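Visitor: here is my input, please return the structure:
(chains A and B)
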Amino acid sequence: QQADIRFGGLQQDTTLPVEVTSDSLSVDQASGAAVFTGNVTAKQGEMRLTAGTIRVEYAEGNQGIDKLIASDGVTLVSPTDAAEATEAVYTIASGNVVMTGNVLLTQGGAAISGERLTVNLTDGTGTMTGQVRTIFTPGGAP
Amino acid sequence: MMQADFHTRLIGWLKVILPLLALVILSTLFLVARTINPDDALPYADVDVEERLREPRMTAPTYAGLTSDGAALTISADEARPAAADGAGASASALNGLLETPDGGSTQLVAGAGRVDPAARQILLSDGVTVISSTGWTIVGDRLTADMDTTDIALPDPVTATGPAGVVTADTMRLTQDGTRNGAYLLVFNGTVKLIYQPVN
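Guide: Take a look at the predicted model:
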């Protein structure tokens, strides 16, 4: 089944500069593919995406970044919400973050887990699909 | 009659003055003529000969080498001086290098000064180094060491690189052969790597 989630905390402007920091970045000379490795953190506005590796996918004509593909354990943190998964794909232009692989989303006191979470950062909405289970502590939830 | 008398006297005087004037012009002509310097015809190289004798130098030298993994490294410079007595290798100024790797990639090196280190089989570039890679990345650093035997270009000091993904700053940069897939070459930035990308829409 599917659960629609207000992802208010994660609504932000995707035209802000993206800053990626890591221990190392390797660019393959033949294909130009860039891979960040070693506790990689991608920051944009108040959103922080940390992962083991982030691979950069360019837009056509090598002009700018189209997608950031994060893997090896991804956490997406915003001031109020946090989401964990094994993999995530962030398309900068559209502001869509698709997290897959036993996703756990915590919003305040409530926690929702599922197989796949798609979040749209521009309007702060998200849908969790695949064995969605919601755990919230009565009285404790905001 | 008076009128004809005046005419003949005028012609009489002119017959005297004009030849004298011609004589004066002819005799002073050589004073105003531009002197022709016979040396101008010969193209002399205006190089300071003493300096050349004291410090032998080679202009527009080129070094070309093939590394063990088949990458062609050619470096040309404006001027090169032979190895100094204190063992430092040959040095050169205003260098321009090109490394063509078998994977089809090419990397252009530009540096203000360079020196060969024969012991370590390396070429050390300094004085503002720019590396332009065929992947679209342009890396700027202070120093660079290029191995002459294997394909290994390293910039040990902090570098700034601009490329398709934005602006990257890192502590070091190295271009080496990828250990896992041979024939593939990797540009690796290490240390605190930071990329800043400004989305354009």
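
Visitor: check contacts around residue 106.
Guide: Here I'm looking at chain A. Residues in contact with residue A:106 (C-beta atoms under 8 Å, 6 or more residues apart in numbering or on different chains) are A:81, A:82, A:83. The way it works is simple: take the backbone N, C-alpha and C, and place the C-beta from them, glycine included.

Visitor: wrong one, I was asking about chain B
Guide: Counting by C-beta under 8 Å, 6+ apart, residue B:106 touches B:98, B:99, B:100, B:133, B:134.

Visitor: quick one: buried ones out of the residues you listed?
Guide: When neighbours are counted using 16 or more other C-beta atoms under 10 Å in any protein chain shown, the contacts of residue B:106 contain these buried positions: B:99, B:100, B:133, B:134.

Visitor: can you narrow these to ones near chain A?
Guide: Near chain A, judged by C-beta under 8 Å from any C-beta of the partner chain, the entries from those are B:133, B:134.

Visitor: return the member of the contacts of residue B:106 nearest to residue A:73.
Guide: Within the contacts of residue B:106, the smallest distance to residue A:73 is 30.8 Å, found for residue B:133 (C-beta to C-beta).

Visitor: please name the nearest non-neighbouring residue to the closest one.
Guide: residue B:107 (4.9 Å; C-beta to C-beta, 6 or more residues apart in numbering or on different chains).

Visitor: go ahead and confirm the one you found touches residue B:137.
Guide: No. Contact criterion C-beta atoms under 8 Å: residue B:107 and residue B:137 do not qualify, at 9.4 Å.

Visitor: ok, the two, which is more surrounded?
Guide: Neighbour tally, residue B:107 and residue B:137, criterion other C-beta atoms under 10 Å in any protein chain shown: the higher count belongs to residue B:107, 25 against 22.

Visitor: where does the more buried one sit, in terms of helix or strand?
Guide: Using DSSP states H and E, residue B:107 maps to strand B:106-117.

Visitor: can you dump the C-alpha atoms of the helix or strand following that strand in PDB for me?
Guide: Proceeding N to C from strand B:106-117, the next assigned helix or strand is strand B:122-126, under DSSP H and E. Extracted C-alpha coordinates of strand B:122-126, given in PDB (Å, rounded to 0.1, in the frame of the first residue of the first chain):
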ATOM      1  CA  GLN B 122      60.600  12.400 -12.500                       C
ATOM      2  CA  ILE B 123      59.900  15.800 -14.100                       C
ATOM      3  CA  LEU B 124      59.000  18.500 -11.500                       C
ATOM      4  CA  LEU B 125      56.900  21.400 -12.700                       C
ATOM      5  CA  SER B 126      56.400  24.500 -10.600                       C
END
